[in-house]
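Participant: Here is my input; please provide its structure:
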Amino acid sequence: MIKTCIYLRKSREDEKIEKELGRGETLAKHRKDLLSFANAKKLTIIKIYEELVSGESLLYRPAMLELLKGVQNGLYDAVLVMDLQRLGRGDMEEQGIILKAFKNTDTKIITPDKTYDLSNEFDEEYSEFEAFMSRKEYKMITKRLQRGVIHSVKSGNYNSPYAPFGYIIKEEKFSRTLEPHPEQADIVKSIFDWYVNESAGSQIIAERLNNMGIKTNKNNIWTCWAVSGLLKNPVYTGKIVWGKTLNYRTCQKKNASRKQSKEKWIISEGKHPPLISYEIFERAELIMQKNTKSPVKPATSLSNPLAGILICGVCGSKMQYRPYQESSAHVICRNKCGNKSSKFEYVEAEILSALQEYLDGYSFDITKKTQGTDSEEAALKSSIGLLKKQLSEAYIQKDNIYVLLEKGVYSIDIFTERADAVFRKIDALTQKLDKTSAIYQNTLDNKQLLKTDFIPHAAKVISEYYNLETPENKNLLLKSVLEKVEYIKGKGCRNDNFGIRIYPLL
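Facilitator: The predicted model follows:
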């Protein structure tokens, strides 16, 4: 019995074909072909790995990483793939990692065209050569895609996925451009007019737009930064700009980016009509340059004990700490969303008072709450037992399908259909079991936290808060018990007439 797993991955060429044909059946077709091949060669398939990514790096291919772990642990005698390139065509180092894992464990790589035994010197050299050629092909495809995008931009097409405010995307057979939005286009013209001819700043313009009930393309309220970004965008003069940012991948971020110098930008005449003249755009640019403030040395220490904790209950932005020389410091929302400011000392005291009330409620009713937790535990425990039983039955069902395939009772089509259904069932049950187990463990942890950790720690926060000297220490203390605090104050409310809602870290 040759213990074999199947690895399926969609390539860039597959994506291109699917897009042209309007179908997404690559993995299903390959799965069927490989199962048919496995049946003909009497291979015992014990697992199927599927990957819906076409990236080159192993960092972003979890199924491949899991497969390599299984290979290194000796779980498989062979891995069945459509072709060698499916295993990866990253850099030489990553190709070496993949091939070395197979060679060290004497695991065969089987394709419908050839079986690779890396302990055989000829096969090893042949596989390295194919991996090298695959890498070159990948680079050529990437370069062709980049050249295609650049050519499209220089031809005046709009290639970004989202239209800027004031436009909608218009797609034709060989063209992708912009056309004025029937409602937003005039708003863009007004924004430039206010800024250039009325000397209204970006903050004032943002307030006007919000008072008019106008939202951004992402359905957010306007901020001074959103207005400034619009005023700086040359697309409104009929231009297309490409290459302002460089996108790349790191170990920490799957998608990272950084700004590029203006010399590397590609600026071309777009096919879309301009909303403003270039003269108005230049005047706006000059005004912005004159209004740019000199950079200020950032503060070396935190001045706001509520930094990162206090949230505007209207727009969701972080509330700002605003000190004054001749009066008390206030907390404000810079978005001018209608949420009124209050004295910082009032808000600070109210947060501690709310935390004390929350603590008193838990302390008073702790027996009742833990009893409720006990019943929840029992229900979750019962659910976990049932899921384990169902998962065990599903694995038996999977084994029976393979037996029926080997005996010839099932055809490949029937086997593929039944196996796919069972695999989906196993995946769904596994995910549900993992989720339920995590909730169960979280319930146990919260119960323990409630009894032994949170209540005494929260009491310590309240008693020690005003004894701390620095805002940094106060901030750290509050963040140890609070996830966030929502603040809201309506028009006409004065002094300490505001509302807050605390979110404890439980």
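Participant: contacts and neighbour counts: CA atoms only from here.
Facilitator: Noted.
Participant: Give me the mean pLDDT for stretch 395-411.
Facilitator: When pLDDT is averaged along stretch 395-411, the result is 77.
Participant: Can you give me the buried ones in the helix or strand harbouring residue 442?
Facilitator: Using DSSP states H and E, residue 442 maps to helix 412-448. Across helix 412-448, burial judged by 16 or more other C-alpha atoms under 10 Å covers 412, 415-416, 418-420, 422-423, 425-426, 429-430, 433, 436-437, 440, 443-444, 446-447.
Participant: what about the helix or strand following it, distance to the chain center?
Facilitator: Downstream of helix 412-448, the first helix or strand assigned by DSSP H and E is helix 455-464. Relative to the chain's own centre, helix 455-464 is displaced by 36 Å; criterion: C-alpha atoms, centre = their mean, to the nearest Å.
Participant: Return the list of helices and strands in contact with the next helix or strand after helix 455-464.
Facilitator: Downstream of helix 455-464, the first helix or strand assigned by DSSP H and E is helix 471-479. If you count contacts as 3 or more C-alpha pairs under 8 Å, 6 or more residues apart in numbering; DSSP states H and E, helix 471-479 packs onto no helix or strand.
Participant: Give me the residues contacting helix 471-479.
Facilitator: Outside helix 471-479, the residues that touch it by C-alpha atoms under 8 Å, 6 or more residues apart in numbering are 301-307, 309, 461, 465, 468.
Participant: From these, list just the buried residues.
Facilitator: 304-307, 309, 461, 465.
Participant: Residue 468 and residue 460: what is the separation?
Facilitator: 12 Å (C-alpha to C-alpha, to the nearest Å).
Participant: what about residue 487, which SS state?
Facilitator: Recorded secondary structure, residue 487: strand (DSSP: H, G, I helix; E, B strand; the rest coil).
Participant: ok, the residue nearest to it when sequence neighbours are not counted - contacts?
Facilitator: Leaving out its chain neighbours, the residue that sits closest to residue 487 by C-alpha to C-alpha, 6 or more residues apart in numbering is residue 500, at 4.6 Å. Residue 500 is in contact with 350-351, 485-488, counting by C-alpha under 8 Å, 6+ apart.
Participant: And for the closest residue to residue 67 other than its chain neighbours, the neighbour number?
Facilitator: The spatially closest residue to residue 67, leaving aside those adjacent along the chain, is residue 49, at 7.3 Å (C-alpha to C-alpha, 6+ apart). Other residues within reach of residue 49, judged by other C-alpha atoms under 10 Å, total 15.
Participant: thinking again about what came up before, summarise which helices and strands the helix holding residue 442 is packed against.
Facilitator: With contacts defined as 3+ C-alpha pairs under 8 Å, 6+ apart, helix 412-448 has these neighbours: helix 26-40, helix 366-406.
Participant: tell me the average confidence for the shortest one?
Facilitator: So that's helix 26-40. 85.
Participant: for stretch 271-278, same thing?
Facilitator: Mean predicted lDDT for stretch 271-278 stands at 94.
Participant: ok, residues contacting it?
Facilitator: Under C-alpha under 8 Å, 6+ apart, the answer for stretch 271-278 is 156-157, 177-180, 185, 188-189, 235-239.
Participant: Over to that stretch now: how far is its first residue from its last?
Facilitator: Distance across stretch 271-278, first residue to last, is 16 Å (C-alpha to C-alpha).
Participant: With stretch 403-418 instead?
Facilitator: End-to-end distance (C-alpha to C-alpha), stretch 403-418: 12 Å.
Participant: can you give me the offset of the helix or strand hosting residue 289 from its chain's centre?
Facilitator: Applying DSSP H and E as the criterion places residue 289 in helix 278-291. Put simply, helix 278-291 sits 36 Å off its chain's centre (C-alpha atoms, centre = their mean).
Participant: Run through who's touching whichever helix or strand comes after that helix.
Facilitator: Sequence-wise, the next helix or strand downstream of helix 278-291 (DSSP H and E) is strand 310-312. The contact list for strand 310-312, computed with C-alpha under 8 Å, 6+ apart, reads 317-319, 333, 339, 484-488.
Participant: circling back to that earlier point, scan the contacts of residue 500 and report the most crowded one.
Facilitator: residue 487 (27 neighbours).
Participant: Isn't that residue up against residue 496?
Facilitator: No: with contacts counted by C-alpha atoms under 8 Å, residue 487 stays clear of residue 496, the gap being 11.8 Å.
Participant: Specify the beta-bridge partners of residue 116.
Facilitator: Counting by DSSP bridges, residue 116 is bridged to residue 109.
Participant: number of nearby residues for it?
Facilitator: Residue 116 has 22 nearby residues by other C-alpha under 10 Å.
Participant: Using the record's assignment, carve the chain into domains.
Facilitator: 2-153, 167-291, 303-506 (automatic domain parsing).
Participant: Quick one, which of those domains gets closest to residue 161.
Facilitator: Residue 161 sits nearest to domain 167-291 of all those, at 8.8 Å, using C-alpha to C-alpha.
Participant: Which strand or helix spans the residue nearest to residue 67?
Facilitator: strand 43-51.
Participant: Next, format the contacts of residue 500 as JSON lines and append distance to residue 245.
Facilitator: Output for these, formatted as JSON lines (distance: C-alpha to C-alpha, whole Å):
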{"residue": "350", "distance to residue 245": "45"}
{"residue": "351", "distance to residue 245": "42"}
{"residue": "485", "distance to residue 245": "35"}
{"residue": "486", "distance to residue 245": "35"}
{"residue": "487", "distance to residue 245": "36"}
{"residue": "488", "distance to residue 245": "38"}
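Participant: Looking at those residues, spot the one nearest residue 62.
Facilitator: Using C-alpha to C-alpha, these come closest to residue 62 at residue 485, 37.0 Å.
Participant: The closest one touches residue 501, doesn't it?
Facilitator: Yes: using C-alpha under 8 Å, residue 485 is in contact with residue 501, at 5.6 Å.
Participant: how about stretch 474-483: buried residues?
Facilitator: 474-475, 477-479, 481-482.
Participant: Excluding covalently adjacent residues, which one is nearest to residue 169?
Facilitator: Residue 169 sits nearest to residue 178 (C-alpha to C-alpha, 6+ apart), 4.6 Å away.
Participant: Does the one you found touch residue 170 like I think?
Facilitator: Yes: using C-alpha under 8 Å, residue 178 makes contact with residue 170 at a distance of 5.3 Å.
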